[in-house]
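Student: dropping a prediction and its sequence here:
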Amino acid sequence: MSQTLRHPEILEIARKDGKVTVEGLARHFDVTLQTIRRDLTELAEAGRLERVHGGAVLPSGTTNIGYEERRALKSTAKRAMARACAARIPNGISLFLNIGTSTEAVAQELLHHENLLVVTNNMNVANILASNSACQIIVTGGQLRRADGGLVGNLAAETIRQFKFDLAVIGCSALDKDGDLLDFDIQEVDVSQTILRQSRRTFLVADQTKLSRSAPARIASLSAIDTLFTDQPLPADLTASCAAWGTQIVVAS
């Protein structure tokens, strides 16, 4: 296969899996390791990927990747994390679900839950849960972010302040080595911080690609999260920090 045909497929694999490895791509395309290293270097120089040890990841930066790309990224892992998360959400509680494709996956797994009061600033979550007649849905209002159906701004935060939730399930754009949850939109950060203040318990749903990305705005520390649902074990240092903070880690396969 020629280089011009490999590059788009390499990018597609990176979008689906969150990263690519030199050895894995060499086997996939039946070419040498050196050929793949050249491909990854050229894609990195073009700004399409970021080189990491043994492979490459989607580029980080000051803007998020597109919604459709995020929805396709790690879709199998998201379903597994969502199932594990939903299994720990009891019936008959008040629940907040925020913006993100991971929280949308959780909403999909709640279609057979009963007597839930769900508040959300995510139009997609509201549309998914509309199929569950045993679920009461409240949408916060706020400024509509057309790219992903999110509602942000002062009105969204003010609505959230009217509640005290039994549980909140949130996502984030990035998770750094110190355990800080990060995002790109400062208005969304304000809303997420309000959600954390108004919730008795908090779950974070975040796959491993979040550890290879960066974003400029800090939401909170993992120390503020009761349970993290992810798809692969965390680095040893971060696992130790979570143990010290009392943050439980659930690795969903």
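Tutor: Alright, I've got the coordinates.
Student: who does the longest helix seen in the chain touch, helix- and strand-wise?
Tutor: Counting residues, the longest helix found in the chain (DSSP state H) is helix 3-17. Contacts defined by 3 or more CB pairs under 8 Å, 6 or more residues apart in numbering; DSSP states H and E place helix 3-17 against strand 19-21, helix 22-29, helix 33-45, helix 67-72. In this view, the C-beta of every residue, glycine as well, is placed from N, C-alpha and C.
Student: what's the closest of those to residue 230?
Tutor: Residue 230 lies closest to strand 19-21 among the helices and strands packed on helix 3-17, at 14.7 Å (CB to CB).
Student: in its sheet, what does that closest one sit against?
Tutor: Strand 19-21 pairs in its sheet with strand 55-57 (antiparallel), by DSSP bridges.
Student: dump the longest helix of the chain to PDB, restricted to CA.
Tutor: Output of helix 3-17 as PDB, limited to C-alpha atoms (Å, rounded to 0.1, in the frame of the first residue of the first chain):
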ATOM      1  CA  GLN A   3       2.100   6.100   1.600                       C
ATOM      2  CA  THR A   4      -0.800   8.300   0.400                       C
ATOM      3  CA  LEU A   5      -3.200   5.400   1.100                       C
ATOM      4  CA  ARG A   6      -1.600   4.500   4.500                       C
ATOM      5  CA  HIS A   7      -1.800   8.000   6.000                       C
ATOM      6  CA  PRO A   8      -5.700   8.300   6.000                       C
ATOM      7  CA  GLU A   9      -6.000   4.800   7.400                       C
ATOM      8  CA  ILE A  10      -3.500   5.500  10.100                       C
ATOM      9  CA  LEU A  11      -5.500   8.600  11.100                       C
ATOM     10  CA  GLU A  12      -8.700   6.600  11.200                       C
ATOM     11  CA  ILE A  13      -7.200   4.000  13.500                       C
ATOM     12  CA  ALA A  14      -5.900   6.800  15.700                       C
ATOM     13  CA  ARG A  15      -9.400   8.300  15.900                       C
ATOM     14  CA  LYS A  16     -10.900   5.000  16.800                       C
ATOM     15  CA  ASP A  17      -8.300   3.700  19.300                       C
END
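Student: in that helix, what's buried?
Tutor: Buried residues in helix 3-17, defined by neighbour count with 16 or more other CB atoms under 10 Å: 6, 7, 10, 11, 13, 14, 15, 17.
Student: make JSON lines out of those residues and add pLDDT.
Tutor: Output for those, formatted as JSON lines (pLDDT from 0 to 100):
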{"residue": "6", "pLDDT": "89"}
{"residue": "7", "pLDDT": "91"}
{"residue": "10", "pLDDT": "91"}
{"residue": "11", "pLDDT": "87"}
{"residue": "13", "pLDDT": "86"}
{"residue": "14", "pLDDT": "82"}
{"residue": "15", "pLDDT": "73"}
{"residue": "17", "pLDDT": "72"}
